[in-house]
Structure formats: C-alpha cells, structure tokens
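Enquirer: Take a look and give me a structure for this.
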Amino acid sequence: MTPGQRHDSICARPLLERIRVPRIGPGRPRCKPDHVVADKAYSSRGFPSYLRKRGIAHVIPEKTDQRRHRHNRGRHGGRSPGFNRETYRRRNIIERCFNRLKGFRGIATRYEKTATSYEAAVALASFLLWAGSV
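Expert: Predicted structure coming up:
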C-alpha cells in the first residue's frame, strides 16, 4: 500500500522482491516472474536494467524522447530495446480488471480507513469478480 500521489515505478522493485509463489510439489517457492509487461512510465533506465540483472524478460515501450536521444548519440546510443506488440496488447486484460475493481464504490473512493481493511475489501471484490457473482 502506497500513497495515491506516489509513482508506481518507485514501488515496483520492492513488489517484485516480495513475490513468493509456492510450488505444488517439494521445493522452494518461485521468487521471480517469467515476464513483466509495463507501460511507458517504467521505461526509465533503472527499472529495465534491474529486470535484466534479475533475468526477468520484459516488454516496456520506449518513450519518444528516449528514442530520439538514443538516435542522436549514434552508434554509442545502443540498440533499441526489444518490443513485442502482441504481448503488450494483452496488458489490457489487467487494466480491465482494475477498472472492474473500481466499480466497487468502497474501493474506488477508499472508504476504509486502515490498510488492512482496504486490502481485505480488494481481496473480497477480486473473489466476487472471479466467482462471477457480480
């Protein structure tokens, strides 16, 4: 949970480091995703390099000014980052999920005062959407 005015990219690293997906059989839980798809807000130099360092594949579009700066540097500007348009288009599934969650008035306006009760409301709304009862 972060304040509403905080940029999402600041919290992306701690969020990725907290991932723990238990395995069905024996073994340690998975600690990193296979792939990250993000919008242009995450295209700064630091976040994609962090993902490369951890060995996480990513699809993040490059901002126009970053592309222009890279071209102006010529051969010292480096290669353009790989961008898979089809994978990026599937990002809308997650965006639509957020929009459906905001259909719950308590989540959209943040009526709950504590972070624990707000997270519980989001979990309940997510379950209701998953169950198809809404």
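
Enquirer: Show me what the longest helix along the chain is packed against.
Expert: Counting residues, the longest helix found in the chain (DSSP state H) is helix 115-131. With contacts taken as 3 or more CB pairs under 8 Å, 6 or more residues apart in numbering; DSSP states H and E, helix 115-131 sits against helix 92-101, helix 105-109. In this view, the C-beta of every residue, glycine as well, is placed from N, C-alpha and C.

Enquirer: Could I get these in a markdown table, plus columns for mean pLDDT and mean neighbour count?
Expert: Converted to a markdown table, these look like this (pLDDT from 0 to 100; neighbours: other CB atoms under 10 Å):
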| stretch | mean pLDDT | mean neighbour count |
| --- | --- | --- |
| helix 92-101 | 89 | 11 |
| helix 105-109 | 87 | 12 |
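
Enquirer: Contact partners for the residue nearest in space to the middle of the chain?
Expert: Relative to the mean C-alpha position of the chain, the nearest C-alpha, by CA atoms, centre = their mean, is the one of A38, at 5.6 Å. Listed by CB atoms under 8 Å, 6 or more residues apart in numbering, the contact set of A38 reads A12, F47, H58, V59, I60.

Enquirer: Please repeat the previous calculation with a cut-off of 10 Å.
Expert: Going by CB atoms under 10 Å, 6 or more residues apart in numbering, A38 touches D8, S9, A12, F47, P48, L51, H58, V59, I60, P61, Y88, R91.

Enquirer: helix, strand or coil for H58?
Expert: Following DSSP: H, G, I helix; E, B strand; the rest coil, H58 is assigned to strand.
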